[in-house]
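>>> model the structure of this input:
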Amino acid sequence: MASLLGASCRKDCDPAPTPAVVAEPAQAATLNVNFEYAGSPEARSVSYVADEPSAELLPDRLIITISGGGGSSGPADRVGFALARSRQKPGLTGTYTLASQPDASQGDAQVMFIRFTPSTNTANNTVSGNQNQLSGSLTITAYDAARQLVSGTYEVKAAGLRDVFSFRNYADYNPDARREGNLRVHGSFTELRLRP
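Okay, here's the model as predicted:
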């Protein structure tokens with residue numbers, strides 16, 4: 001009888017295997033906007049921990065969108081990338097050039113940066129490879145196909161732009177008097193979950 005109890009106890013006392021714990025994805029991103037004024041040491045900048053960064057892997061392209069700021073009291077910034085399937089590297093990781101003028105078809109990734117204003121009387125400031133000469137890249141540093149997560153960095157530069165920190169009134173038909181300078185938008189994204 002004692003041996004039956006002992007055997008029973010040994011069987012019941014063995015610890016159950018602990019299931020593997022999978023960490024939740026970071027779902028984090030940063031967005032930094034810098035504008036250096038031409039002929040001056042003056043510059044303006046703003047940095048964000050992005051609000052709800054997103055990534056979508058569609059049948060024909062990968063889309064990554066990173067936004068920051070906003071609310072009813074101030075401007076907001078957003079940068080978006082579209083990477084056609086035909087331009088994607090095997091395993092998705094790698095560095096991708098940006099589409100740019102004078103021939104936007106030469107770059108790997110389409111990019112658009114928008115600085116929004118809460119005012120309904122002013123125009124948003126938009127910079128894209130379809131209208132501006134850009135340099136920089138989108139780099140995908142990690143792709144977890146099983147968990148559908150993507151991480152990486154980005155940098156977008158444009159020279160000779162009008163001040164993106166200043167907004168123009170729609171009714172202003174005078175020549176654009178905003179100061180010129182150079183724009184740099186850069187940041188990183190970590191473990192963005194790819195939505196289908």
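
>>> just checking, next helix/strand downstream of the helix or strand of the chain with the lowest mean pLDDT?
When the helices and strands of the chain are compared on mean pLDDT, DSSP states H and E, helix 2-13 comes out lowest with a mean of 49. Next helix or strand after helix 2-13 toward the C-terminus (DSSP states H and E): strand 28-37.

>>> counting by contacts, list what that next one packs against.
strand 43-49, strand 61-69, strand 76-84, strand 180-195 (3 or more Cβ pairs under 8 Å, 6 or more residues apart in numbering; DSSP states H and E). For glycine as for every other residue, the C-beta is placed from the backbone atoms N, C-alpha and C.

>>> quick one: list the elements packing against the longest one.
The helices and strands touching strand 180-195, judged by 3+ Cβ pairs under 8 Å, 6+ apart, are strand 28-37, strand 54-57, strand 61-69, strand 76-84, strand 149-162.

>>> what ranges of the chain fall below the confidence cut-off?
Low-confidence segments of the chain (pLDDT under 70): 1-22, 71-73.

>>> grab the nearest non-local neighbour of Thr122.
Excluding the flanking residues, the one nearest Thr122 by Cβ to Cβ, 6 or more residues apart in numbering is Phe167, at 3.9 Å.

>>> so what's that neighbour up against?
Neighbour list for Phe167: Pro75, Thr117, Ser119, Thr122, Ala123, Asn124, Asn125 [criterion: Cβ atoms under 8 Å, 6 or more residues apart in numbering].

>>> among the residues you listed, which lie within strands?
Asn125 (DSSP state E).

>>> and the contacts of Phe167, which of them are buried?
Among these, the ones that count as buried by 16 or more other Cβ atoms under 10 Å are Pro75, Thr117, Thr122, Asn125.

>>> what about the second one, distance to Ser166?
Separation of Thr117 from Ser166 (Cβ to Cβ, to the nearest Å) stands at 10 Å.

>>> which SS state does Ser86 fall under?
Look at Ser86: counting by DSSP: H, G, I helix; E, B strand; the rest coil, its state is helix.

>>> what about it, how many neighbours?
Ser86: 8 surrounding residues under other Cβ atoms under 10 Å.

>>> what does Asn174 give?
Around Asn174 there are 7 residues (other Cβ under 10 Å).

>>> distance check, it against Gly181.
For Asn174, the distance to Gly181 - Cβ to Cβ - is 20 Å.

>>> and for Ser54?
Separation of Ser54 from Gly181 (Cβ to Cβ) stands at 30 Å.

>>> which one's more surrounded, those two?
Gly181 (23 against 18).

>>> run through the residues that contact the residue nearest to that one when sequence neighbours are not counted.
Nearest-residue entry for Gly181: Tyr37, 4.3 Å, with adjacent residues in sequence omitted and distances by Cβ to Cβ, 6+ apart. Counting by Cβ under 8 Å, 6+ apart, Tyr37 touches Ala43, Asp163, Arg179, Glu180, Gly181.
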